Every structure is written in structure tokens, then in C-alpha cells.
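> turn this into a model:
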Amino acid sequence: MHAAGVCSTIVRVIMGFFQRLGWPMLFAILLSTELSAAFPYGAPAQAPLGPAITHYDFDVTVGQRAPDCFQKDVILVNGEYHKQIEVTQGNILEVTVYNNLPATWPLVSEGISIHWHGFSMNGAEWYDGVGYLAQCPIQAGTNFTYRFQVNEEPGTYFWHGHSGNEKVDGFSGPLIVRPAGPEPFMYDEERVLYLSDNYHTSATALTFPLNRPFDAKKQTNDSGGWDWVAVPQAILLNSHGFYGDCDLLAGSNTVIPPKCNVTTQWVPPGRSKILPYASGNNPGCKRENVTVEAGKTYRIRMINAGSLAYLTVCFADHNVTIVAADAYPTNPLTVPCVDINLGQRYDVLLKADRPVGNYWLTALVVNSTRTGSPAGYGVLRYAGANESLLPWEPILQPESVPAWTFGTVSKITLPDVYLNPRTVPKGTVLPLNSSSLAPPNNTKTLLVNLTQPLLPNGQLRWALNNVATFGTPSCLPTLDLVRRNLGMMTSMAQSTQLGKIAPDMPEQQIGNALEVPTYLEDGSPSPLAPVAGQEFMLLEVGDVVDVILQNLPANANGGDYRPGVGANRTAQEQHPFHMHGHHFWVLAYGLGTFNEATNRSSFNTDNPPFRDSYTIFKNGWTAIRFKADNPGVWILHCHTDWHLFMGQKMYFATSPQLAQPPPPDLPQCPNTCLYNFGPYTRSYVQSRWGSSGYST
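Down below sits the predicted model:
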């Protein structure tokens with residue numbers, strides 16, 4: 001390791017030590033000495049008394065809300081749905097989470113945890129919030145405090161649950177990092193546009209059928225059959241929507257009603273597909289109004305925090321200019337609509353330069369990504385316009401708005417000032433030992449094939465290189481296991497030619513022994529047949545890795561054992577991928593399968609965007625590059641919640657022996673935990689949660 005790397009590692013360990021002691025004065029002295037200059041992320045200089053603490057209490061409960069006019073149980077924080085928090089770069093963020101969810105509230109992973117989406121968490125690897133990866137979830141009736149310094153690029157992020165699918169029930173919210181100095185671009189005011197999709201059924205009830213046999217020959221009366229979650233009932237803009245938009249549009253004007261085809265998907269008033277006891281009360285609700293003043297320029301922080309919907313957002317009669325993607329600034333790009341996939345954030349500037357009036361604000365699921373979904377409609381309202389009127393212009397339809405092409409995506413690039421060490425703005429967060437955001441040359445390449453196999457037990461999964469990675473490899477944090485025994489993964493590695501299926505755990509339980517198939521991305525061939533297990537790539541600090549992830553037909557690589565029937569299962573869909581612990585350079589997109597000889601020449605290594613979430617297009621591939629500069633175990637996964645649950649993820653273990661020891665107050669781990677690939681039969685669900693409607 002280079003001397004600078006050794007120095008920065010020592011400093012990180014020392015900082016973590018004093019963090020756990022309560023950040024006493026000595027930690028403040030460290031920050032104000034020359035040692036702080038070795039901290040690899042360029043945190044702004046701190047006052048002699050040390051960084052300020054931004055504290056939040058999260059009282060996590062269940063309450064009834066009607067975000068799209070249909071009343072249902074949701075997860076609340078301090079009584080708020082989608083609570084927003086803020087912190088200034090360089091400050092310590094301290095969030096004490098009190099898990100006051102009812103013991104009867106079903107979760108596919110008992111307990112909750114919080115992921116700070118887009119944060120690299122360098123030096124704070126134990127607080128990344130992935131259940132059973134760096135921490136065990138916070139069990140009902142207990143509390144835990146996340147406490148770390150926010151050495152992140154100022155910009156737009158969000159927080160969300162990451163133990164099960166609790167994000168779908170509302171356990172998420174915007175997270176804004178303010179700069180310690182001036183903003184990189186000019187505007188008068190800002191607005192947050194928090195986008196999500198809404199189901200009338202709880203996330204857990206929707207999740208259970210994903211584990212039931214897809215193969216009809218494997219189904220029993222008790223198991224039932226596989227059932228997709230289908231499209232959501234509504235798209236929410238800042239937690240407001242209207243599920244009736246699929247059927248009618250309220251108002252006395254002549255607006256063309258939106259067209260969508262969800263009559264078999266959406267729930268009629270007062271009914272629920274899976275929860276028959278849900279409230280029949282359908283209270284009034286409102287459309288989201290984003291109010292602006294004529295002549296002003298607005299920074300709109302757009303966040304797609306949904307579970308399924310890839311959205312196209314349009315402001316009628318207004319263009320917007322993209323100025324940042326996933327927190328990092330970009331060269332200005334003016335567009336009529338913004339395509340924003342799950343997990344992505346865009347900061348755009350909108351000039352309120354139209355006549356005073358009301359204009360449609362539309363969030364569409366365009367037909368090229370997922371047909372039949374509803375759209376979300378709000379109003380861009382100028383101050384002084386009649387608040388009782390809806391806009392008069394025809395409303396946008398999904399078929400009238402084309403999705404972005406590679407040509408548009410390729411125009412989202414880094415500004416030159418971030419590529420030259422002499423001009424990088426103060427406070428910019430850079431990779432370890434880097435003097436700018438110019439991408440270094442790669443030292444390793446990983447090709448990842450994405451398929452949707454049908455396993456021999458009849459379960460339908462999502463796999464990377466024929467491995468469907470399940471969520472609870474043990475009931476202990478994986479990071480702690482590999483930190484203490486670096487050779488553990490190698491000793492457990494399975495033959496890639498003889499992959500086996502992880503057995504069904506009795507009563508869906510798995511214990512603390514890590515006796516599951518493990519597959520290493522070390523240049524060996526992928527398993528010949530799809531398997532359930534866990535997939536790792538071992539890295540050293542300083543490695544620069546190209547990851548090329550390509551979409552293949554669902555049944556590729558031996559992914560469907562049924563003669564004749566399986567051969568026809570060739571569909572593909574787009575996937576939004578997110579990487580923890582890092583930002584990365586998005587180098588290229590393409591159609592078909594990646595060809596090293598012909599496609600590498602298309603890589604943009606001059607000014608590629610620096611992001612943490614990206615899209616794998618249908619019948620296409622995407623190439624990213626990241627620097628392994630963060631000791632720990634980090635997850636790369638699809639941000640479609642349902643695909644993640646079904647195994648669409650893998651892990652990068654970067655010099656885990658250099659990770660700090662775990663904080664002594666991490667949540668207690670249970671003796672057994674839920675195995676998320678368990679079949680969740682009707683009898684099991686009823687025995688565990690009772691006759692609540694979840695077993696249908």
C-alpha cells in the first residue's frame with residue numbers, strides 16, 4: 001500500500017475509535033491538525049471545537065394515512081410519512097431509531113435498519129444499514145443510534161429501510177446535504193420533489209407470493225402459486241396522489257382523462273386484494289401543488305424513492321436544466337422531461353418564466369419500460385393563479401412521451417472544473433489518493449450476466465452470473481465474520497461446476513452458522529446451473545474495477561429446467577442498479593451483449609458522470625468503473641425492491657481486514673432469523689402472523 005494510503009487508514013481507525021468514545025476534545029484536535037489533511041475525502045476545515053452534531057430522533061410507528069385517497073396502514077417517523085432530514089457537510093449526523101412497530105407487524109426480515117442512500121460511509125462502514133451485512137436489524141421494542149461524520153458531496157440523497165421491504169410501506173424520506181461553503185450553481189429558492197409508487201396492500205403481503213412456486217407442477221394447496229406484485233395503484237408526488245387517475249380526472253373542465261390499463265391491477269374503492277380487513281374509508285385527498293413565483297429560478301431536487309416505477313417527469317410548457325446527478329454536478333443539460341430511475345436523484349433548475357397560471361406536473365411510467373402503470377399528476381402553480389382550477393391543457397399520456405435514448409444519457413457528463421486538479425472546487429469529495437474526478441485506468445474487469453432463473457424447487461429468482469443471493473447468509477453481520485477471518489470465503493467457496501441449491505430452512509429460519517454456498521468472482525467460470533447462495537468479489541484497497549452488467553434472456557445460462565415451456569421464457573426488462581460505499585463513473589451503454597474488442601472503444605473516459613445509481617436497459621449492457629477505496633463489504637443490487645428480494649445482488653469485499661472493529665452498541669443479533677428464500681406457505685404465514693389476511 002502507498003504511504004498516503006497507510007496514513008489515511010491509520011487516521012480513519014483513530015477517528016472511528018474516538019467516535020465510539022463520544023468524540024471528545026482529542027478528536028477535535030485531530031481534525032484541526034495536519035493529520036486531518038490526510039483524510040482522503042477532503043472534508044472542509046472544522047472549527048477548533050470540532051464538528052457540530054445534527055441529531056434526530058426517529059420514533060418508528062404504524063399509523064393510518066391515505067396518500068392516494070385509499071386509507072391504509074403505513075410506517076411513520078415521528079408521525080410523519082416520508083420524513084425529510086438535513087445535515088451540513090462535515091457535521092456529525094446522529095439518528096436514534098426507536099423501533100416501536102407492533103410485534104404483530106409482519107416483516108420479511110424481523111427488525112428495521114436505515115441505509116443512507118448515496119453515502120459512501122467511508123470510515124463508518126458499520127452504519128451503512130443493510131440488514132445482516134454490517135449490522136443486525138433493530139428489533140421491535142429496542143433502539144439504536146447511527147452516528148457518523150458526513151464526509152459526502154453536498155447534494156440530494158434519501159434515507160430508507162434496508163432490512164426487508166419496509167421502504168414500500170413508507171419508511172423512507174429525503175436527505176439533503178448542505179455545503180459548508182457556497183452552492184455550485186445559482187438559484188432563488190429550492191423545492192424537493194419526492195417521487196414514489198403506492199400499493200394498497202402492505203409490502204410484506206405483496207412479498208410472500210414471490211417465493212411461492214412458479215412452476216405449476218411444484219404447487220400445492222398450502223403453497224399456492226407465484227404471484228407478481230403487478231403495477232402500483234398510484235404514483236405519489238411528495239406523498240400525494242390519486243388512484244382514481246386511472247379511471248377519471250376530477251374537475252369541470254374538458255381535460256382529456258389519462259389512459260391506463262390497470263383494471264385488473266388496481267383495488268376498487270374500499271377493497272384490498274390481500275388485506276380484506278383494510279379500511280373501507282376512502283377520504284378526500286389532494287394533488288401535489290408545487291408553487292412558484294414568476295421570474296424566479298428554482299432548484300428542484302428530484303428523488304425516485306419508489307419500488308418499481310421508472311418515471312419520466314415533465315413540467316408542462318417548461319424546460320428544465322439538469323445540473324447534478326446523484327449529488328455530483330453535471331454539465332448543464334436542458335430537457336423537456338427527466339427520466340429518473342429507482343434510486344436516482346437529479347437536481348434541475350426551472351425558470352418560472354411563463355404566464356401566471358396552473359401547469360401540469362406529470363410523472364409517467366412510459367410504455368417502453370412498463371405498460372399499464374398509472375401516472376402521477378400534480379400542479380405547477382404560479383403564485384396568484386386561481387387555486388380552484390386545474391390546468392386546461394391536455395394532460396400528457398404515457399405513449400406521447402418517449403423514454404430517453406443513449407444519446408440523451410450520454411450528454412450527462414462531468415464539468416471540466418472537476419477533472420483538473422488545479423480547478424476542483426473546495427469541498428469536493430474525491431476517491432482515495434485522487435486529485436480530481438478524472439477516472440483512473442482500470443486494473444480489473446468483471447462481466448456480470450443478469451438472468452431470471454427458475455430453480456429446481458420451482459422458485460423464480462433473479463441472478464447475477466447464475467447466483468441468486470439471498471438476504472440472510474447468517475444471523476450475524478457478514479462484515480464482522482469476514483473481517484475476523486479473511487480466508488473464510490475462500491474456504492467456503494463452492495465448485496463453480498457443481499453449484500447446489502440452498503436448502504429450504506425449517507419454518508423459514510436460518511441460524512448463525514454460515515453454512516451456505518459461496519461463489520467467488522475470481523476468474524472462475526460461473527455455476528453451470530443457477531443456484532441460491534451468496535456471491536462475492538474480493539478486492540484490495542486501490543483496485544480500479546470495471547463492472548459490465550448485461551441483460552440476457554430470462555432463461556439464459558440454464559435458467560429454466562422445463563422442456564419446451566422454459567425455452568419460451570425469454571423476456572427482459574430494464575433494471576436500476578445501485579452500489580453502496582462508492583460513487584462510480586458510468587462509462588458506456590449499449591444494446592445486445594458486450595464485446596470487449598468492439599465496445600471498449602466507446603467508453604467515455606474523458607468526462608463520464610460520477611454516480612451511485614444507473615440503468616441496465618432492456619437487451620442492453622452498462623459499463624461502470626469504481627475505485628475500491630473503502631474497506632468493508634459493499635452490496636451492488638437492483639433497486640427494484642421486488643427484484644432485490646428475489647436475489648438480484650452481489651457483494652464486493654474490499655480489504656475487510658482493514659475495517660474498523662464493530663461498535664460495541666450495534667443491535668443485538670437474534671439466534672435465528674427469517675430466511676428470505678423460504679416458501680412462505682399459507683400455513684406458515686398463518687401460524688406466525690395469524691388470520692390477518694396475509695396468507696391469501
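
> residue 319 and residue 298, how far apart?
13 Å (CB to CB, to the nearest Å). Yep, even glycine has a C-beta here, placed from its N, CA and C like the rest.

> which one of those two is surrounded by more residues?
Neighbours around residue 319 and residue 298, counted as other CB atoms under 10 Å, are more numerous at residue 298. The numbers are 19 against 15.

> which phi and psi does the more buried one have?
phi -120, psi 130 (degrees, to the nearest 10).

> tell me what it is bridged to.
Residue 298 forms beta bridges with residue 189, residue 350, as assigned by DSSP bridges.

> residue contacts, it?
Residue 298 is in contact with 187-191, 292, 349-352, counting by CB atoms under 8 Å, 6 or more residues apart in numbering.

> so residue 229 makes contact with residue 200?
No. Taking contacts as CB atoms under 8 Å, residue 229 lies outside contact range of residue 200: 11.6 Å.

> give me the neighbour count for residue 171.
Applying other CB under 10 Å, we find 28 residues neighbouring residue 171.

> any idea how many residues pack against the nearest residue to residue 518 once chain neighbours are set aside?
Excluding its sequence neighbours, the residue lying closest to residue 518 (CB to CB, 6 or more residues apart in numbering) is residue 492, at 4.4 Å. Look at residue 492: counted by other CB under 10 Å, it has 17 neighbours.

> residue 585 now?
26.

> that one: what's it in contact with?
439, 605, 608-611, 624-626.

> in this structure, which spans are helices?
For the chain, the helices defined by DSSP state H cover 3-20, 25-32, 203-207, 406-409, 478-484, 488-492, 596-599, 641-645, 682-689.

> worst average pLDDT in these?
Set side by side, the helices of the chain differ in mean pLDDT, and helix 25-32 is lowest with a mean of 32.

> residues contacting the closest residue to residue 616 other than its chain neighbours?
The shortest distance from residue 616 to any residue other than its chain neighbours is 4.5 Å, reached at residue 575 (CB to CB, 6+ apart). Contact analysis of residue 575 by CB under 8 Å, 6+ apart lists 450, 551, 615-616, 638, 640, 643, 648.

> touching, residue 473 and residue 130? I think so.
No. When contacts are counted by CB under 8 Å, residue 473 is not listed as touching residue 130 (11.6 Å).

> overlap in contacts of those two?
By CB under 8 Å, 6+ apart, no residue touches both residue 473 and residue 130.

> mind listing what's buried in the biggest strand by length in the chain?
Assignment by DSSP state E gives strand 53-65 as the longest strand of the chain. When burial is assessed from 16 or more other CB atoms under 10 Å, strand 53-65 yields the following buried residues: 54, 56, 58, 60-62, 65.

> closest one of those to residue 420?
Comparing the buried residues of strand 53-65 against residue 420 with CB to CB picks out residue 54 as the nearest, at 32.6 Å.

> could I get the pLDDT score of that closest one?
98.

> residue 370: how many residues sit nearby?
Using other CB under 10 Å: residue 370 sits among 15 other residues.

> can you report phi and psi for it?
According to degrees, to the nearest 10, residue 370 has phi -160, psi 110.

> wait, it touches residue 311, no?
No. Applying CB under 8 Å, one finds residue 370 not in contact with residue 311, separated by 10.3 Å.

> what is in contact with the two at once?
Here residue 370 and residue 311 have no joint contacts, going by CB under 8 Å, 6+ apart.

> out of the contacts of residue 298, which comes closest to residue 401?
Taking CB to CB as the measure, residue 350 is the one of those closest to residue 401, at 17.6 Å.

> how much space between the closest one and residue 145?
Distance of residue 350 to residue 145, given as CB to CB: 38 Å.

> which of the two has more residues huddled nearby?
residue 350 (20 against 14).

> OK, contacts around the more buried one?
Residue 350 makes contact with 292, 297-298, 300, 315, 318, 320-321, according to CB under 8 Å, 6+ apart.
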